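Colleague: 3D model of this:
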Amino acid sequence: MTTQTAPTAKAVSTPRTGGPAPSTTAVSGGTSGADQPAADRGRTSIADVVVVKVAGIAAREIPGVYDMGGGLSRTIGAVRDRVPGGRPNVGRGVKVEVGERQTAIDLDLVVEYGVPVMDVARDVRENVISAVERITGLEVVEVNVTVNDVRLPDDEPETTAETRVA
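Modeller: Predicted coordinates:
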């Protein structure tokens, strides 16, 4: 009678080429074993892009936020939005640092003319912290808000431009 044993898993590291590895953060380091509850068997990782998207959507929900990002990124975003099939970049104007259990977020905003800038910044900060902590489970240690521009009422794009061809 022969007894077979299951092969044991070995740690193998393979070198990556072609640029930096995508950033992910282990949120919970689970344990293994049949004696552990199902929820604790394994590990959960959250990529930086998840925090970027959650923070970007949460910031845009606040009245008075017209757009996000610096001048060049907004220009590129406007071109991208006009391309058929193009999707808006919800992460534009958002930078994050993600640790094991904490994250820090930097936001670049364009606000509407006439709204109190400090009130908008406070509301954005509160909404972003709430959304990121609720959705990701990470503790938000800081949200830095930079107001890069103000959208004036006469900054409307021309919609009644004359055409050269009839």
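
Colleague: tell me which residues in the longest strand anywhere in the chain are buried?
Modeller: With DSSP state E applied, the strand covering the greatest number of residues in the chain is identified as strand 139-151. Across strand 139-151, burial judged by 16 or more other Cβ atoms under 10 Å covers Val140, Val143, Val145, Val147, Asn148, Asp149, Arg151. From N, CA and C alone the C-beta is placed, and that goes for glycine too.

Colleague: so is the nearest residue to Arg151 once chain neighbours are set aside in a helix, a strand, or just coil?
Modeller: Here the nearest residue to Arg151 in space, its sequence neighbours aside, is Tyr66; by Cβ to Cβ, 6 or more residues apart in numbering that works out to 4.1 Å. When the structure is split into helix, strand and coil by DSSP: H, G, I helix; E, B strand; the rest coil, Tyr66 lands in strand.

Colleague: so for Tyr66, what's the pLDDT?
Modeller: What the model reports for Tyr66 is a pLDDT of 92.

Colleague: quick check: it touching Leu152?
Modeller: No: no contact is recorded between Tyr66 and Leu152 when judged using Cβ atoms under 8 Å, the distance being 10.1 Å.

Colleague: the more surrounded of the two?
Modeller: In terms of neighbours (other Cβ atoms under 10 Å), Tyr66 is the more surrounded of Tyr66 and Leu152; the figures are 17 against 10.

Colleague: list the contacts for the more buried one?
Modeller: Residues touching Tyr66, when contacts are defined by Cβ atoms under 8 Å, 6 or more residues apart in numbering, comprise Val110, Val111, Glu112, Arg151.

Colleague: go with 6 Å
Modeller: With contacts defined as Cβ atoms under 6 Å, 6 or more residues apart in numbering, Tyr66 is in contact with Val110, Glu112, Arg151.

Colleague: and Val150, by the same measure?
Modeller: Applying Cβ under 6 Å, 6+ apart, one finds that Val150 lies in contact with Val111, Tyr113.

Colleague: mind checking pLDDT for it?
Modeller: According to the prediction, Val150 has pLDDT 94.

Colleague: what is it paired to in the beta sheet?
Modeller: When bridges are assigned using DSSP bridges, the partners listed for Val150 are Val111.

Colleague: and the gap between Ala104 and Val120?
Modeller: Per Cβ to Cβ, to the nearest Å, Ala104 is found 20 Å from Val120.

Colleague: give me the more crowded residue out of those two.
Modeller: When Ala104 and Val120 are compared on other Cβ under 10 Å, the one with more neighbours turns out to be Val120, at 21 against 15.
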